[in-house]
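Visitor: Here is my input, please return the structure:
(2 chains)
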Amino acid sequence: NAGVTQTPKFQVLKTGQSMTLQCAQDMNHNSMYWYRQDPGMGLRLIYYSASEGTTDKGEVPNGYNVSRLNKREFSLRLESAAPSQTSVYFCASSEREGSGEPQHFGDGTRLSIL
Amino acid sequence: LAKTTQPISMDSYEGQEVNITCSHNNIATNDYITWYQQFPSQGPRFIIQGYKTKVTNEVASLFIPADRKSSTLSLPRVSLSDTAVYYCLVGDSFYSSASKIIFGSGTRLSIRP
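Guide: Below you'll find the model as predicted:
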């Protein structure tokens, strides 16, 4: 069982470059999420998709865009990367939306922006 | 959404029982309490969820007093592999949007031989 798969696992970008982080889940979950985690801190929600065809902002959406491509896939795009976006990015999914709904996480994409 | 407060760090030894307490004074009627575990270089993993009294699974137990203003995650007979960060979250699945999710900084548990 793959669960939530994120690609790539590591990436180094230069300031101003663009990039798309990919996420796919095979649990037939309706809701998907993107978080970022900075060193020594908890996770902060960037965007989420309650169901296929919908996306909403989380706590820290500035500088990011998302696309819910289908029920399985949810991508995160950095249009013009900045050093402040250096972080570990986690994708998660849950059966339905809700702040109390258990989420399943991928192993993250470690992104460095020089 | 109820804010949670947890100890920043805890230390224990192999074979001991570890109890991590989370305070959530403003918990709402519909809120559940959820705990996640995060190992270095991995995403968080759901451990356990409960509403009241006691919940037990193969990994941990969750104790919730009648007033629900706090909860305790209990890890029986810990091993070195239980060294991780543990997050306590409070929320519901029907009335509170996912945009309200707050992970906080968690409790960094270190297990010594």
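
Visitor: rest of the way, CA atoms for contacts and neighbours
Guide: Noted.

Visitor: What separation do you get for residue B:47 and chain A?
Guide: 9 Å (Cα to the nearest Cα, to the nearest Å).

Visitor: Please apply the same query to residue B:14.
Guide: 24 Å.

Visitor: what's the pLDDT at that residue?
Guide: Residue B:14 is assigned 97 on the pLDDT scale.

Visitor: Likewise for the one 10 residues further on?
Guide: We have a pLDDT of 93 for residue B:24.

Visitor: how about it, what does it touch?
Guide: Going by Cα atoms under 8 Å, 6 or more residues apart in numbering or on different chains, residue B:24 touches B:2, B:3, B:4, B:5, B:68, B:69, B:70, B:71, B:90.

Visitor: ok, 10 Å please
Guide: Residue B:24 makes contacts with B:1-6, B:33, B:68-71, B:88-90, as judged by Cα atoms under 10 Å, 6 or more residues apart in numbering or on different chains.

Visitor: and the helix or strand encompassing residue A:22, which residues are buried?
Guide: Using DSSP states H and E, residue A:22 maps to strand A:19-25. By 16 or more other Cα atoms under 10 Å in any protein chain shown, the buried positions in strand A:19-25 come out as A:20, A:21, A:22, A:23, A:24, A:25.

Visitor: hey, what's the fourth one bridged with?
Guide: With DSSP bridges applied, the residues forming beta bridges to residue A:23 are residue A:6.

Visitor: is the closest residue to residue A:85 other than its chain neighbours in a bridge, and if so with what?
Guide: Spatial nearest neighbour of residue A:85, chain neighbours left out: residue A:113 (6.9 Å); criterion: Cα to Cα, 6 or more residues apart in numbering or on different chains. Note on residue A:113: beta-bridge partners residue A:13, judged by DSSP bridges.

Visitor: so what's residue A:113 up against?
Guide: Contact analysis of residue A:113 by Cα under 10 Å, 6+ apart lists A:11-17, A:81-87.

Visitor: That one and residue A:13, how far apart?
Guide: 5 Å (Cα to Cα, to the nearest Å).

Visitor: okay, and the common contacts of those two?
Guide: Residues touching both residue A:113 and residue A:13 (Cα under 10 Å, 6+ apart) are A:81, A:82, A:83, A:86.

Visitor: Reformat those as a markdown table; add pLDDT and secondary structure.
Guide: Formatted as a markdown table, these follow (pLDDT from 0 to 100; DSSP: H, G, I helix; E, B strand; the rest coil):
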| residue | pLDDT | secondary structure |
| --- | --- | --- |
| A:81 | 95 | coil |
| A:82 | 96 | coil |
| A:83 | 96 | helix |
| A:86 | 96 | coil |
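
Visitor: which of those residues lies closest to residue A:94?
Guide: Nearest to residue A:94 among the shared contacts of residue A:113 and residue A:13: residue A:86, at 25.8 Å, using Cα to Cα.
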